[in-house]
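**Student:** have a look at this fold, sequence not included:
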């Protein structure tokens, strides 16, 4: 029995229940599915991090074999990057971009549905490798050849196929965002009037289309080396293992900006709302985002300072990497300037956004340290690098996602979430995250290598603190799940403008306020005077 699909992409008829979700072309349904899937992957990848931290709680062998530990580090990275962070931002894009630009839906609704349903297939395949003979991928999330070609378990072929499926999904999602933003804006809405979240996603979409084929190319070369007798990465056959790193990081470095730019956009919506002020420096924010995206393509070899690239190359990549701190700094100063002398209030979205700015900046400073080529020889492949990228991705990408979720939940559900529980979620996450990752700077500078199941006794205390922080952070995310379910099921009805303040929040208003709305509207003048 078939379901009838109406003009909104909802299924009706006998198969309405399940088939509504399977067949939907509605951008809100698809956005919701992306967000639910990404949170499931967040818990899945997080459980692997719990295994890692449990093994590192004390020196010596405790709960898992070194081989399984390697599989956990590999899968944790892959699941968190491709399964948790990226789909979450695609879900936010699906939900909010049409609303922000006045579009009826995404431009390519059926492709939107297909791009989502590729993901459960891809990650089901990836997870299934853990049960195959020889175990799952054990070569690190960067899957360097020849470790991932000559010495890998047989499941690597399925891993390659899963990566292809993820890449196809990402490319289709990016095409959809570009087509929607360029073709479906409301009449009169120019590009430079769009909310910054739309801008950051438009730029992210171009990054995705540029780099996902590079990832597809490198895993295809791996496949050829494994099964078809080529020697792209085998020195014995005239190939070069360093070629793998060049191709991988040409994808991998823009990829880290793909994971952070949408968070920049979301925070650029949240901070003005809770500062009761228009965003400071809108135009410079747009250009800074474009500059970050451009520079992200010419800094890839800073991951490779220790492979023996020429001194000229080291200097070029060192300077280019330091240069990328400039547009990033512009953003941080603009967020600070937006808050400056604002009428601040600290609901959960603002707490996550402020923590984002502060902690992401710490990650940026450690990134500058790593950009210095001679110093990087000391830091490379130590826990200092792990500390750096977790300070960028956890308070950056993941806190950005939490901030967005709390900010837009009233819009999505019609209900207000429990503010007390949300603030508890924030503080437990904040404390747990810093406890988990800050000590990694110290053990890294002292020489503790990354990706090891055991370590010297001198690192024991800091590792114990890290593990306790990680368990706290991980357990806290179940509280977030509870808060969201509670909000979806009911609660206080959200006002039309749930974050109403001196300017009120308009869901579709352009980020740069038109010149005549900088003054306090008369109807809220009394309320703002009370602040």
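**Tutor:** That came through fine. These numbers come from a predicted model, not from an experiment. Residues are numbered from 1 along each chain as shown.
**Student:** for the record, mean pLDDT for stretch 321-330?
**Tutor:** When pLDDT is averaged along stretch 321-330, the result is 97.
**Student:** and stretch 224-235, by the same measure?
**Tutor:** Averaging pLDDT along stretch 224-235 gives 96.
**Student:** over to that stretch now: how far is its first residue from its last?
**Tutor:** Across stretch 224-235, the straight-line distance between its terminal residues is 15 Å, by C-alpha to C-alpha, to the nearest Å.
**Student:** which residues touch that stretch?
**Tutor:** The contact list for stretch 224-235, computed with C-beta atoms under 8 Å, 6 or more residues apart in numbering, reads 145-146, 149-150, 152, 156-157, 221-222, 237-241, 243-244. Every C-beta, even on glycine, is put in place using the N, C-alpha and C of the backbone.
**Student:** can you tell me which helix in the protein is longest?
**Tutor:** For the chain, the helix with the greatest residue count under DSSP state H is helix 241-275.
**Student:** helices or strands next to that helix in the packing?
**Tutor:** Using 3 or more C-beta pairs under 8 Å, 6 or more residues apart in numbering; DSSP states H and E as the contact definition, the elements that helix 241-275 packs against are helix 86-101, helix 196-227, helix 282-295, helix 325-339, helix 348-371, helix 383-392, helix 399-413.
**Student:** ok, 6 Å please
**Tutor:** The criterion is 3 or more C-beta pairs under 6 Å, 6 or more residues apart in numbering; DSSP states H and E, and the helices and strands that helix 241-275 contacts are helix 196-227, helix 325-339, helix 348-371, helix 399-413.
**Student:** in a markdown table: those, plus mean neighbour count and distance to residue 86.
**Tutor:** What follows is the helices and strands packed on helix 241-275, written out as a markdown table (neighbours: other C-beta atoms under 10 Å; distance: least, C-beta to C-beta, whole Å):
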| stretch | mean neighbour count | distance to residue 86 |
| --- | --- | --- |
| helix 196-227 | 21 | 9 |
| helix 325-339 | 18 | 20 |
| helix 348-371 | 21 | 18 |
| helix 399-413 | 24 | 11 |
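**Student:** pipe these into CSV and attach distance to residue 137 per row.
**Tutor:** Converted to CSV, the helices and strands packed on helix 241-275 look like this (distance: least, C-beta to C-beta, whole Å):
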stretch, distance to residue 137
helix 196-227, 11
helix 325-339, 32
helix 348-371, 25
helix 399-413, 25
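**Student:** out of these, which gets nearest to residue 44?
**Tutor:** Closest to residue 44 of the helices and strands packed on helix 241-275 is helix 399-413 (C-beta to C-beta; 15.8 Å).
**Student:** who touches that closest one?
**Tutor:** Helix 399-413 is touched from outside by 88, 92, 263, 266, 270, 348-349, 352-353, 355-356, 416-417, 422, 487-488, 494, 498, with contacts defined as C-beta atoms under 6 Å, 6 or more residues apart in numbering.
**Student:** okay, angle between it and helix 241-275 too, please.
**Tutor:** For helix 399-413 and helix 241-275, the angle between their directions (axes from the mean of the first three to the mean of the last three C-alpha atoms, to 10 degrees) works out to 50 degrees.
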